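**Student:** no sequence for this one, just the structure:
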């Protein structure tokens, strides 16, 4: 079958597309920026179309010839996400119906119990489901609870809370029942739903083999990770709002995403029927312990296929680098530095591509940490999103508080800032051969201010640039030169100095 996957740059869509290919389907991926999928391993096996669910005029070409269309997008973490998702669903549904699509498959959230007041997140998921079910195209809505898999936002919340807090005072929702499901099983159900009979137009509950409380999940995760049992004391004091800030401080998941996720945990999330498993003839899904073990193995082996950070509210290609003031209609501040390197460009590039995450930023780690915490307190992403892979980067993926905007392998890495700043910022690093066996490292920071606050911000941080950016250039070049001496062994990208 010819399948259209929206959200292919996200956590689930980025895993579904290659598995649809393995199942023998033809795959077309829709993205607002085709370049975001340029570096995925399966890019040359799929058709990539550039379209935007908020712009109906771009959708007919994307839907042409499609038999099964997957709706895997959401605006969680963005302002007014309910309106955004409502409009996207309507445009998607109308385009699918006009194109004669045979089936829509949507991954939604669990339904709250009758009488419960749903959180905005679950209310939006239910509204999207209703729009798709009323589209005139047979639709399968898969209602999933907490997804357990390496790199999922829910699993990252669970992992960091459990690993960092041996004892904790928790909100009441840790006693609610949840039926967590392995990402492996979510993908199996999504693929299987493509083959449902045309008369099927309904929602299905999907869940794993175990029904647990969140507190039980934390202790069973602790056991799987080889940690002592956690001391958990529930209290009525922590409201969902306070809980979201608490999660935002302890885990890499920023407050903007933690808030709707935590608000949804107030509701129990268990499957009330098992119809899809029976219709598809699937074996029983994985239990929590096995799902957590598999996720931990992937993390420890640095084999995380996609992460929750893969999705972004803004496309990297949507904001070109403002390299000249005429483009911006105002000032553009630039900090440029270059240094000769007594090492080939290939060696320098290994260090550049390995920057960030556990490898650090090669300069004044305390300043970077303080700035990261300031960003977290302001509701930003901070530094703790880390890297998906320790040594390799892809266009469009998150790197701490940056988003990879452009890569020219061996030559250029351009990052766009996603921290809270009054303007837009980029950091560019280049490795250039010098023609004599060595290389030149070039570094450029670009800031496009927004209003008076942007100009004042640049002026306030300017005194630190000599320390941070100069130290960064010095340590990156020193690390590149040390690689030739064998000091880093088989660990490219690992810093040797952060002075």
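**Tutor:** Received, thanks. Given the structure is predicted, the values throughout are model-derived calculations rather than measurements. Numbering: from 1, shown residues only.
**Student:** now whichever strand or helix holds residue 16: how far from the chain's centre is it?
**Tutor:** Per DSSP states H and E, residue 16 falls inside helix 13-22. Its chain's average C-alpha position is 17 Å from that of helix 13-22, according to C-alpha atoms, centre = their mean, to the nearest Å.
**Student:** Check which residues of it are buried.
**Tutor:** In terms of neighbour count (16 or more other C-beta atoms under 10 Å), helix 13-22 has its buried residues at 13, 14, 15, 16, 17, 18, 19, 20. Bear in mind the C-beta positions are built from the backbone N, C-alpha and C, glycine included.
**Student:** Could you identify the most distant pair in those?
**Tutor:** With C-beta to C-beta as the measure, no two of the buried residues of helix 13-22 lie farther apart than 14 and 20, at 11.8 Å.
**Student:** Looking at stretch 412-430 now, give me its mean pLDDT.
**Tutor:** Across stretch 412-430, the average pLDDT comes to 90.
**Student:** Check what pLDDT the residue most central in space within the chain gets.
**Tutor:** By C-alpha atoms, centre = their mean, the chain has its centre lying nearest to residue 309, at 1.7 Å. The model reports residue 309 with a pLDDT of 73.
**Student:** for residue 260, same thing?
**Tutor:** Here, the pLDDT recorded for residue 260 equals 69.
**Student:** Kindly report the same for the one 4 residues further on.
**Tutor:** With respect to pLDDT, residue 264 scores 70.
**Student:** Pretty sure it sits against residue 124.
**Tutor:** No: in this structure, residue 264 is not within contact of residue 124 by C-beta atoms under 8 Å, at 10.3 Å.
**Student:** which intervals of the stretch 101-250 of the chain have sub-threshold pLDDT?
**Tutor:** In the predicted model, the stretch 101-250 of the chain carries pLDDT under 70 at residues 237-246, 248-249.
**Student:** Tell me where it has strands.
**Tutor:** Assigned by DSSP state E, counting those that start in this stretch, the stretch 101-250 of the chain shows strands spanning 103-108, 139-143, 147-148, 167-171, 177-178, 181-182, 202-205, 212-213, 231-235.
**Student:** Kindly report the same for the stretch 351-499 of the chain.
**Tutor:** Counting by DSSP E, counting those that start in this stretch, the strands of the stretch 351-499 of the chain are 398-399, 402-408, 412-417, 423-433, 439-449.
**Student:** what's the burial count for the closest residue to residue 274 other than its chain neighbours?
**Tutor:** Using C-beta to C-beta, 6 or more residues apart in numbering and skipping the chain neighbours, the partner closest in space to residue 274 is residue 205 (7.5 Å). By the criterion of other C-beta atoms under 10 Å, residue 205 has 21 neighbours.
**Student:** who's residue 205 bridged to?
**Tutor:** Judged by DSSP bridges, the bridge partners of residue 205 are residue 143.
**Student:** Quick check: the gap between it and residue 184.
**Tutor:** With distances taken as C-beta to C-beta, to the nearest Å, residue 205 is found 18 Å from residue 184.
**Student:** what do you get for residue 111?
**Tutor:** Look at residue 111 and residue 184: by C-beta to C-beta, they are 23 Å apart.
**Student:** on that earlier part again, okay but the residue nearest to residue 274 is in contact with residue 141, surely?
**Tutor:** No: the pair residue 205 / residue 141 is not scored as a contact, 9.8 Å apart, by C-beta under 8 Å.
**Student:** Residue 71 - nearest residue in space that isn't next to it in sequence?
**Tutor:** residue 106 (4.5 Å).
**Student:** about what we covered before: who's in contact with the residue nearest to residue 274?
**Tutor:** 110, 111, 143, 270, 271, 272, 273, 274, 275, 276 (C-beta atoms under 8 Å, 6 or more residues apart in numbering).
**Student:** rerun that using 10 Å as the cut-off
**Tutor:** 110-111, 141-145, 179, 269-277 (C-beta atoms under 10 Å, 6 or more residues apart in numbering).
**Student:** now residue 70
**Tutor:** Residue 70 touches 3-8, 12-13, 16-17, 20, 27, 29-30, 103-107, 190-191, 193-194, counting by C-beta under 10 Å, 6+ apart.
**Student:** Tell me the bridge partners for it.
**Tutor:** residue 5, residue 105.
**Student:** According to the record, where do the domains of this protein fall?
**Tutor:** Domain segmentation of the chain under automatic domain parsing yields 1-143, 146-180+207-304, 330-483.
**Student:** just so I know, which of these lies nearest residue 201?
**Tutor:** Comparing these by C-beta to C-beta, domain 1-143 comes nearest, at 4.8 Å.
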